[in-house]
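[1] one predicted model, sequence on top.
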Amino acid sequence: MVTYKEVLKINEQYALDNDKEPSAIKILLMHFTNFSQTKLVNNLDKAMPKERYQAFLKAVDDYIINDVPVQHITKEEVFFGHTFEVGPEAMIPRCETEELVAHTLEMIDIHFPDHDALSLLDIGTGSGCLAITLSLEEKRISATATEISKTALTLAKKNNKQLKTDVHFIQGDLMEPVNGHKFDIIISNPPYIPDEEYVEPLVKDHEPHIALFGGKDGLDYYRKIIREIQPKLKDHYLIAFEHAWDKAKAIKKMVKKELKHAQIIQKKDMQGKDRMTFIMNKEQKNLKL
């Protein structure tokens, strides 16, 4: 029988030899042993039971040879400290989107200090990570989320129940399901990959294309949302977008055309790339964030 240390070393090298992340091997090993990181360290010199070893090896091959995302094998992803169920029904939550949540929470504190209740709309919710996380982190929020995919919506509702939040989920295209309603906060991370752009098989072959591709230049959903957003906004509002790093200028131009009296703040992610745009009514001026 091989030890956990040997299993880890051999399969981390296997990952490296195939241009895959060695950190994924540790995640899979912890998943199939039900070990925490501390428990794994404390058991490195012990033998791994044969049955668990075989299940683990199959999962490693799925990840390395078949390009199955680790999160689809473990069926979960931690997002902003909360564990979400994930699967091929919706995009796997990314760390860049955690930055969107963090900046949005910061802006909510600044822009709505005296509001006892805040209405939020999450457009194209996918797994529900944005609406659910913001509801968990900011208790004043009453969240509504839209999603065109029935299967993604089922997943989001499951996460809503498991994380004990009360997000109102509605099936439909972008903002169409909430016609006639206004919101304090609107947030969206819509599909933004250009249709012809190369996408690695790990993503393209296992995540829903409806959540990936955003038209010829990747901006189709932003055009539609920005063009139609005004009637959905209360007088005192905040809009938050995540987008591709090279689309910040184009999105700013769209906003200036459709929301002439808005203030626009664009933020870089931890990699120094322009990934987030925040829009608010003009009275919230001279912001230094």
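    Ah, there it is.

[2] roughly how far apart are the residue lying closest to Thr33 once chain neighbours are set aside and Glu6?
    Among residues not flanking Thr33 along the chain, Arg52 sits closest, at 6.0 Å (CB to CB, 6 or more residues apart in numbering). Every C-beta, even on glycine, is put in place using the N, C-alpha and C of the backbone. Using CB to CB, to the nearest Å, Arg52 is found at 14 Å from Glu6.

[3] circling back to that earlier point, can I assume the residue nearest to Thr33 sits in a strand?
    No: counting by DSSP: H, G, I helix; E, B strand; the rest coil, Arg52 is located in no strand; its state is helix.

[4] start at 52, not 1
    New numbering, starting at 52: the last item is Arg103.

[5] ok, Lys209 touching Val137?
    No: the pair Lys209 and Val137 does not pass the contact test of CB atoms under 8 Å, sitting 10.5 Å apart.

[6] look at those two and report which has more neighbours.
    Shown here are Lys209 and Val137; by other CB atoms under 10 Å, Val137 has more neighbours (24 against 16).

[7] quick one: contacts for that one?
    Neighbouring residues of Val137 by CB atoms under 8 Å, 6 or more residues apart in numbering: 122-123, 126-128, 143-144, 178, 206.

[8] with Ile261 instead?
    Contact analysis of Ile261 by CB under 8 Å, 6+ apart lists 199-200, 242.

[9] could you dump those into CSV with pLDDT added?
    What follows is those, written out as CSV (pLDDT from 0 to 100):
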residue, pLDDT
Ile199, 97
Ser200, 97
Pro242, 94
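
[10] which one of these is nearest to Thr216?
    Using CB to CB, Ser200 comes nearest to Thr216 of the contacts of Ile261, at 19.7 Å.
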